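Peer 1: Take this sequence and fold it.
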Amino acid sequence: MTSLRKLVKVQAMDIAVDLREYEFAFLLKEEGDISALLNILHKSGAEIISQGTLKKITLAYPINKLDQANFGYLYMRLLPSSLKDLEKVLENTPAVLRSLILSKPFVEQPSPEAQAANRASKREATPREAQPTSSLPLSNEDLERKIDEILK
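Peer 2: This is a model prediction of the structure:
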């Protein structure tokens, strides 16, 4: 029995690892259709992360002879293998006029070394306070020495 529990835990961990985050935007006929849509998402195995409020909008062109629809969006986690099935179900759901599922873009985080180098370069690039200059003119030799100091 213990090995069965371990197997179930390992499979649950694999599923959690394979879940990907998606943004889901949709147009619904009626405001009350949101509950049916959420039910479809839950049946497909989607885990809702956050949900925006529905907003009634005027469409740029009629969809199914409708000039207005309810626009909504949400963020969810879903197995990539379930995505095609979900899209097919949404296409065949009359309450959903349009839907769009976007995968969350992968943003590469710079390494800690690159972040440290970036911070160091920003510190060097910050303007320094102006030092008071002497009112006496510098000779060419003094000017060359100052330039050499700065370039070191």
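Peer 1: Name the residue closest to the centre of the protein, please.
Peer 2: residue 104 (5.0 Å; C-alpha atoms, centre = their mean).
Peer 1: I'd like the distance between the closest residue to that one other than its chain neighbours and residue 27.
Peer 2: Closest residue to residue 104 apart from its sequence neighbours, by C-beta to C-beta, 6 or more residues apart in numbering: residue 21 at 4.2 Å. Heads up, the C-betas are built off the backbone N, CA and C, glycines and all. As judged by C-beta to C-beta, to the nearest Å, residue 21 and residue 27 stand 22 Å apart.
Peer 1: In three-state terms, label residue 77 for me.
Peer 2: strand (DSSP: H, G, I helix; E, B strand; the rest coil).
Peer 1: This structure: helices as residue ranges?
Peer 2: Ranges of helices in the chain, per DSSP state H, are 2-18, 34-43, 80-91, 112-125, 140-151.
Peer 1: Identify all contacting residues around the third one.
Peer 2: Identification of contacts with helix 80-91 by C-beta atoms under 8 Å, 6 or more residues apart in numbering yields 18, 20, 22, 26, 40-41, 44-46, 78, 96, 99, 101.
Peer 1: so residue 78 bridges to which residues?
Peer 2: Here residue 78 sits in beta bridges with residue 20, going by DSSP bridges.
Peer 1: any weak-confidence spans in the protein?
Peer 2: Across the chain, residues meeting the criterion (pLDDT under 70) sit at 1-17, 106-111, 123-136.
Peer 1: from memory the residue nearest to residue 104 sits against residue 47, does it?
Peer 2: No: Residue 21 lies out of contact with residue 47 (C-beta atoms under 8 Å); the separation is 9.5 Å.
Peer 1: what is in contact with the two at once?
Peer 2: Residues touching both residue 21 and residue 47 (C-beta under 8 Å, 6+ apart) are 76-77.
Peer 1: related to what we said a few turns ago, among the contacts of helix 80-91, which ones are buried?
Peer 2: 22, 26, 40-41, 44-46, 78, 96, 99, 101 (16 or more other C-beta atoms under 10 Å).
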